[in-house]
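# Generate coordinates for the sequence data below:
(chains A and B)
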Amino acid sequence: MRLTINGREVVTHPAPRETLLDLLRESLGLIGTKRGCDRGECGACTVLLDGAPAYACLALAAGCDGAQVTTIEGIGAASYGGADAGGAPLHPVQDAFLAHDAAQCGFYTPGQVLAAVALFDRTPAPDRAAIVDAMSGNLCRCGTTPRILSALEALSASHGRGPASP
Amino acid sequence: MTDSPRRRFVTTTVEVEGREEQRVVELPAFDVAPWDDDTVLDIVGSRATRVDAREKITGRARYTTDLAPRGVKHAVFVRAEWANGTVTHVEVEAAQAVPGVCAVITRAELAADVEAGLIGGAFATLFDHNVRYAGTPVAVVCADTLAAAQQAAALVQVQGHGRPHVINAAEALAPDAPRVPRTFDEASVSAQNLLGGAPVVLERGDVSHALTRADVRVDVTVHTPAALHSPLEPHGALAEWNGDQLTVWEGTQGLFRVRDNLAAAFRLPLNHVRVRMEHMGGGFGAKNYAGTHTYIAAWLARRLGAPVRCILDRDGTQVDTGHRSATTQVISIAANRDGTLTAIDLTATITMGVSGWLASPGQLYHELYACPNVRTHESFVHVHTGGMQAFRGPGYVEGCVGLELAMDALARALDMDRVALRLANIPQHDQRRERAYSGHRLRECFVEAERRMHQALAHDTSHRAADVAPLAAGTTSRLVRGIGYAAECWSTGGGPPAYATVQLLRDGSVQVLAGTQDLGTGARTILAQIAAQTLGARLECVRCVIGDTERTPYTGNSWGSMTTPSVGPAVRLAAEDVRRQLCDAAAGLLNTTPDELTIHDSVVHHAASGQSRDFTEIGRALGNIVLTGHGSRGPNPDDTTIVTVGVQAAEVEVDRGTGIVRVLRLIAVHDAGRIINPTLAEAQMEGGMLQGLGYALFEERRVDATLGVSLATGLHDYKMPTAADCPDMRVYFLDAADAAANSIGARGIAEPAIIPTAPAIANAVAHALGVPVYALPLTPWRVLEAIAKA
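Predicted structure coming up:
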């Protein structure tokens, strides 16, 4: 089967029970996608599957034939070709996280960023209720949640005032 | 010896997680004047960006569970499901036949190594056939892939039989109760499953007498739940041997402790064990030691001659890595008519699990409010569940619920304002240890928290002030709102030993080496700020290297809110050592004397001549001479208690139809000495408060009484707060240096953050309903029950 991961075509022969998370982490070394519970409870493995947020631990790899998958490695600086040179551009969601110190341990952060990217792709200027709804599938035990919400509200406000989202 | 230098080693008292220990400490080679409120600081105290934020938001930050070197094998545990039972046989044949399986290991293989003297320490009881809690690991499967290991582990059959078990304290204390502790622990435990063989009783004054003479007396019984740390990164280790040298990557709060644990277990010298970590996905007290996964990964790696990774699955993390103990607190509290406390009496039962330590809810009762007569009577009870582990503010979180709910009950009985009652009982000194506080502005915290809450309510357009506690006004509204307050105190002085090394490299970059760990707290950032401030370097030129027992000097566990006050002063001294050497070196280049020089922004200035040299110019002149400074943490001041105090206020809305509680607002005001980085401090506070909100409303590890198994094996059965539960949160610090505490004037904040949150919320719920709920979590069922009884 073939699927596209972060813009690159990948040819693979997944085992019947292999999840998309297994494929990303164990076979392809894309470790930015985290394994927190392995059963759709925590959201640390959130990726974009054909543009929509999805828990990679609940998606069978074999079911992703032909799919477009975006992981944290395909967002912002890293998508410009690997190593982040420090000044490389970030996705606006990442910029907002950075400005609001919206990561403590950071383990959950890639999943949070992907969930937020999916939201802003659908709705460039979501209101607080939409942000809360979109982010409620991603747990954060450090309790960085208020900062994530502030970051995304600020991003939304900047979109509401300025030009449409990129 | 008449000309001997200053005495280098002295004995001092160190407090860790509420426990005091006497330790010998080393005096630093030189002293510096503490940074007090008059010291001008521009980097310390600034809102510098978290140094590893970019790594984290781009997914490049590497965690232990991400590491997979070539040829790595994967280990998966097999667990017994009896709460109390005996394994007679572990059938491994089917598992061994799974393709890719390299080893299936049971007690027999470990016991052979123990008998041969190859291993010891924790291995004495690993995979023991005497099973004392459901979820005890009894075997491990190791395979080329995680999938093969999981598949094979499911095929292992654990044979044996269960016995009657006890999972609550009342059952465990019955005369004919099954014994929980192991036989070899027998000497320290009574037949009644009581830790230490007897309750722990501490009394000052005469409580019985004071209770009988009181103007007003209130009796309440408060229940708090067992809570699970639930870090999102599961516990895990990656082990690799090179000859007789062991390297282990572990997500841990204590790299050096894990090193010591492994050296003891494998009978290795300390210099043969290296423990490493870059980032970790949360700990909260559950990752303070080497775990079964650590020992087994290292043992398998040696046997197989390959790197082995052992990462717990979610079930394993939820059932086998500790918990905050459930408590029942029976409280009598008495006061004079004017609100002056006259007596506090606590009888507490703490349901620990198979193992644990004296994480006392009672200590707070002796400290938080001024009271001449206080008695605490605490029974720490062994039951057939996993062992207790320190969980953020152990004991104090539980105790604060009991005491602060009792204080509100007393205020109602006195018909007195709740904050006024507390302000009438602010302690003037540490009553428990009979000595002074280095700083203790609890009164200001109350005044400020109340002011901030009133201000917030006045500006909140979603309701009028009259809506608060509407039951008092006889409302029939279904949604009611209330506000509540609670305070905390927690020892946050930190202490020795902690070491740091600072190096100025030839290109002007600065390296800070400290053997600590960053749990997400921002330790890397604040230590870099302290080094940059001291040395006069630009912050972006300073890199903090932590997380490696071979590269960095010793510091202790990141627990007890002590990393900043312990390691920070050591970093300051190390950087000061470099600063002095740098001035010495620069003086030659500028034809002056070292004391004529000042350093700022990585440039050495000589004011008299107007000349300057930046760090790169000096580095070029020095070549490969590395200016290296060493710093150590000196002892704490004698006869002084160092605490962080604070007050939190909550506003809640309760639906009287459904019993659902929503927290609308949390306000925190704490006195934590100097704040090194307000942004990071606020983030950590908010995190603790959100955990406290979960403890107040949702979190409870329940155990099935019949089977003795945990019903909270996942993150759906153990509900933590999400974005939808997140209230408006505001954090304020009475930011002022505690120059008596240590040379940087800072105290810890990690645990103070969570201690008062749940009782503030519970008091707000009582305020809204006009009736208290005395059991956490405040589930809809409990709230409706309380309303029905009212």
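
# any low-confidence regions in chain B?
B:1-6, B:14-18, B:182-191, B:462-475 (pLDDT under 70).

# now chain A
A:77-88, A:161-166.

# ranges for the strands of it?
A:2-5, A:8-11, A:46-49, A:52-55, A:68-70 (DSSP state E).

# right, and the ones you listed - which one's nearest B:P137?
Closest of these to B:P137 is strand A:52-55, at 27.4 Å (criterion: CB to CB). To be clear about C-beta, it is placed using only N, CA and C from the backbone, and glycine gets the same treatment.

# if I look at B:F256, how far off is B:T555?
7 Å (CB to CB, to the nearest Å).

# sorry, that was for B:D313
Distance from B:D313 to B:T555, by CB to CB: 31 Å.

# So which of those two has more stuff around it?
Taking neighbours as other CB atoms under 10 Å in any protein chain shown, B:D313 and B:T555 compare with B:T555 leading, 29 against 19.

# May I see the buried residues of stretch B:624-641?
For stretch B:624-641, burial by neighbour count (16 or more other CB atoms under 10 Å in any protein chain shown) applies to B:L627, B:G629, B:H630, B:G631, B:S632, B:R633, B:G634, B:P635, B:N636, B:T640, B:T641.

# Next: stretch B:54-71.
Buried positions in stretch B:54-71, judged by neighbour count with 16+ other CB under 10 Å: B:54-61, B:63-68.

# Among those residues, name the ones that also lie close to chain A.
B:R54, B:E55, B:K56, B:I57, B:T58, B:G59, B:R60, B:A61, B:Y63, B:T65, B:D66, B:A68 (CB under 8 Å from any CB of the partner chain).

# Show me the residue at the heart of chain A, geometrically.
A:L114 (1.8 Å; CA atoms, centre = their mean).

# show me the contacts for the closest residue to it other than its chain neighbours.
Closest residue to A:L114 apart from its sequence neighbours, by CB to CB, 6 or more residues apart in numbering or on different chains: A:T46 at 4.6 Å. Counting by CB atoms under 8 Å, 6 or more residues apart in numbering or on different chains, A:T46 touches A:T33, A:P53, A:A54, A:Y55, A:A56, A:P110, A:G111, A:Q112, A:L114, A:A115, A:G137, A:N138.

# Turn these into CSV, columns for distance to B:R7.
Shown next, in CSV, are those (distance: CB to CB, whole Å):
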residue, distance to B:R7
A:T33, 55
A:P53, 62
A:A54, 64
A:Y55, 60
A:A56, 60
A:P110, 52
A:G111, 54
A:Q112, 52
A:L114, 58
A:A115, 58
A:G137, 59
A:N138, 55
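
# Among these, which are located in helices?
A:P110, A:G111, A:Q112, A:L114, A:A115 (DSSP state H).

# Surely the first one touches A:T33?
Yes - in this structure A:P110 lies within contact range of A:T33 using CB atoms under 8 Å: 6.3 Å.

# Identify the contacts common to those two.
A:A44, A:T46, A:T71, A:I72, B:G59.

# Quick check: residues of the stretch 101-250 of chain B near chain A?
So the stretch 101-250 of chain B meets chain A at B:T145, B:L146, B:A147, B:H229, B:S230, B:P231, B:L232, B:E233, B:P234 (CB under 8 Å from any CB).

# Mind picking the two most distant members of those residues?
B:T145 and B:H229 (28.8 Å).

# Which of the ones in helices among the contacts of A:T46 sits closest to chain B?
A:P110 (4.2 Å; CB to the nearest CB).

# List the contacts of the closest residue to the closest one other than its chain neighbours.
The shortest distance from A:P110 to any non-neighbouring residue, by CB to CB, 6+ apart, is to A:I72 (3.7 Å). For A:I72, the contacting residues are A:G32, A:T33, A:A78, A:P110, A:V113, A:L114, B:T58, B:G59, by CB under 8 Å, 6+ apart.

# Of all the residues in the stretch 401-550 of chain B, which one is nearest chain A?
Counting by CB to the nearest CB, the stretch 401-550 of chain B gets nearest to chain A through B:G520 (3.0 Å).

# Mind naming the longest helix for chain A?
Per DSSP H, chain A has its longest helix at helix A:145-161.

# Residue 160 - how many residues pack around it?
Since no chain was named, I'll use chain A. 11.

# Wait, chain B was what I had in mind.
15.

# And it, how close does it get to chain A?
Applying CB to the nearest CB, to the nearest Å, the value for B:G160 to chain A is 28 Å.

# for that residue, which residues make a bridge with it?
Note on B:G160: beta-bridge partners by DSSP bridges are B:V87.

# Leaving out the residues flanking it, which one is nearest to B:D614?
Closest to B:D614 by CB to CB, 6+ apart is B:V603, at 4.6 Å.

# Let me see the contact set for that neighbour.
B:G536, B:S612, B:R613, B:D614, B:F615.

# repeat that for 10 Å
Residues in contact with B:V603 (CB atoms under 10 Å, 6 or more residues apart in numbering or on different chains) are B:G508, B:G536, B:A537, B:R538, B:A586, B:S612, B:R613, B:D614, B:F615, B:T616, B:E617, B:I618.

# quick revisit: ok, so of the contacts of A:I72, who is nearest B:D338?
Using CB to CB, the contacts of A:I72 come closest to B:D338 at A:V113, 55.9 Å.

# what's the neighbour count on that closest one?
Neighbours of A:V113 (other CB under 10 Å): 29.

# Does it touch A:T33 like I think?
No - the pair A:V113 and A:T33 does not pass the contact test of CB atoms under 10 Å, sitting 11.0 Å apart.

# Need the residues touching each of the two.
A:T46, A:I72, B:G59.

# How about the first one: which residues does it bridge to?
Listed by DSSP bridges, the beta-bridge partners for A:T46 are A:Y55.

# Chain B versus that one, what's the distance?
Counting by CB to the nearest CB, the gap from A:T46 to chain B is 11 Å.

# What separation do you get for that residue and A:A116?
10 Å.

# Are there residues contacting both of the two? Which ones?
A:P53, A:N138.

# B:T722: which of the strands of chain A is closest?
Closest approach to B:T722 among the strands of chain A (CB to CB): strand A:46-49, 13.4 Å.

# Now for B:R70: which residues touch it?
B:R70 neighbours (CB under 10 Å, 6+ apart): B:A306, B:P307.

# Okay, and it sits in which element?
Per DSSP states H and E, B:R70 falls between elements, in no helix or strand.

# Count the residues that sit near residue 124.
Here I'm looking at chain A. So A:P124, with other CB under 10 Å, has 15 neighbours.

# To clarify, I was referring to chain B.
Neighbours of B:A124 (other CB under 10 Å): 13.

# picking up where we left off before, just to be sure, which of the ones next to chain A among the buried residues of stretch B:54-71 are found in helices?
B:R54, B:E55, B:K56, B:I57.

# phi, psi of the residue of the stretch 301-450 of chain B found nearest chain A?
Residue of the stretch 301-450 of chain B nearest chain A, by CB to the nearest CB: B:R314 (4.2 Å). Main-chain torsions, B:R314, degrees, to the nearest 10: phi -60, psi -40.

# contacting residues for the spatially closest residue to it that is not a sequence neighbour?
When the adjacent residues along the chain are set aside, B:R314 lies closest to A:C37, with 4.2 Å between them (CB to CB, 6+ apart). Residues counted as contacts of A:C37 (CB under 10 Å, 6+ apart) are A:43-45, A:55, A:57, A:139, B:230, B:232, B:234, B:313-315, B:317-318, B:714-716.
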